[in-house]
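> what's the 3D shape of this:
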Amino acid sequence: MDVKTIKLGTREVEFPSDKLQPLEACNHLLGDRDALWKELNEKGYLLIRGMHNREDVLKARLEVLKTIKKLGPEKLDNSRPWEDGVLDHRCDHGCIPSFQGRNDITHSEAVSKILEGPRPFAFFKTLFGETVRTFDYKWLRAVHRQAFTGAHVDNVYMSRGTPNLLTMWTPFGDCDPTIGCLAVSEGSNRLPGFDKLHSTYSQVDVEDINLNGSGWFTTDPFDITYQFGGQWKTTKYEAGDVLIFGMNTVHMSTANLTDLVRISCDTRWQPASEPADPRYVGDFKPTAKFGLYASVGSKPRTVTMEELKAKWGFQ
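Residues are numbered from 1 along each chain as shown. Have a look, this model is predicted:
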């Protein structure tokens, strides 16, 4: 594997290297429920190659690109085929609006065929051992150049339902670390070094405390490894691959260092018999105010992550 210098959050790092290693696929465990849970509990993630049909994923990608194209000029480079997804040189932060919670897009035929298709439903039914449900709210993202997601756990956003909740990250197209893809801190869900993090930060409901900010613990991946341990890992994903992980697995993304828009979506899965976080169930209408949550509150943001970290005794 060729070594590349990329950005994980705000840090330049070589991949592969001792700081950022390759993820390991678990396809050889498919069909063995106990082995899959052991892998998930030990590593904090499941990388499955070819979960979705590749051609269906590429069709869903084109559906999202059509939506971006319809938004008007200064989004995609008109000198290039729109199907390539090349960003206009003027398209930066805020150029493409959030598609999160946009049921008109996420529940379109081509996209829904991936996000709520028979393959993920069959997989999670086998994994949980019962009928499953997925949140109606979908975290569909079109990521511009230089953008990334900081290190966090998902429990801080969706802790008002069952704890038996899993995230599935699906890239819409081939995706390597230069365009921005998901990375996880292997073992962060269970290693003793993370106990303090999980007893403080991971228990926060960022909406309930009116957090001023994104809910990310840090944008620097080495803040995690230096303080708590774990091993950052990522991979080159191909259309059809997915990454599955639990609510206490620390994860973030590499930065998009290209001129291409990176399209991906997070979906959440759980046993159907258990309560779902009510914020993410229902029909969400398109609105310019859509942000982090399905239900936008009116309370002012009153506390920052840095203030909380100081209170908890973190560096």
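> ranges for the strands of the stretch 201-315 of the chain?
231-234, 242-246, 251-253, 262-271 (DSSP state E, counting those that start in this stretch).
> with distance to residue 204, mean neighbour count and mean pLDDT added, can I get these in JSON lines?
Backbone N, C-alpha and C define where each C-beta goes, glycine included. As requested, those are exported to JSON lines (distance: least, Cβ to Cβ, whole Å; neighbours: other Cβ atoms under 10 Å; pLDDT from 0 to 100):
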{"stretch": "strand 231-234", "distance to residue 204": "23", "mean neighbour count": "24", "mean pLDDT": "98"}
{"stretch": "strand 242-246", "distance to residue 204": "17", "mean neighbour count": "24", "mean pLDDT": "98"}
{"stretch": "strand 251-253", "distance to residue 204": "17", "mean neighbour count": "25", "mean pLDDT": "98"}
{"stretch": "strand 262-271", "distance to residue 204": "18", "mean neighbour count": "23", "mean pLDDT": "98"}
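> for the ones you listed, which one sits closest to residue 69?
Counting by Cβ to Cβ, residue 69 lies closest to strand 262-271 out of those; the figure is 12.8 Å.
> picking that back up, turn the strands of the stretch 201-315 of the chain into JSON lines, columns for distance to residue 174.
Compiled in JSON lines, the strands of the stretch 201-315 of the chain are given as follows (distance: least, Cβ to Cβ, whole Å):
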{"stretch": "strand 231-234", "distance to residue 174": "14"}
{"stretch": "strand 242-246", "distance to residue 174": "14"}
{"stretch": "strand 251-253", "distance to residue 174": "16"}
{"stretch": "strand 262-271", "distance to residue 174": "10"}
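> closest one to residue 214 among the ones you listed?
When the strands of the stretch 201-315 of the chain are ranked by distance to residue 214, counting by Cβ to Cβ, first place goes to strand 251-253 at 11.3 Å.
> so which of the strands of the stretch 201-315 of the chain is nearest residue 216?
Shortest separation from residue 216 across the strands of the stretch 201-315 of the chain is recorded for strand 251-253, at 7.7 Å, computed as Cβ to Cβ.
> gap between that closest one and the chain center?
7 Å (Cα atoms, centre = their mean, to the nearest Å).
> picking up where we left off before, and the strands of the stretch 201-315 of the chain: which comes nearest residue 302?
In terms of Cβ to Cβ, the element of those nearest to residue 302 is strand 251-253, at 25.3 Å.
> who does the closest one touch, helix- and strand-wise?
strand 182-186 (3 or more Cβ pairs under 8 Å, 6 or more residues apart in numbering; DSSP states H and E).
> residues near the closest residue to residue 221 other than its chain neighbours, how many?
Spatial nearest neighbour of residue 221, excluding adjacent residues (Cβ to Cβ, 6 or more residues apart in numbering): residue 8 at 4.8 Å. Residue 8 has 24 neighbouring residues, counting by other Cβ atoms under 10 Å.
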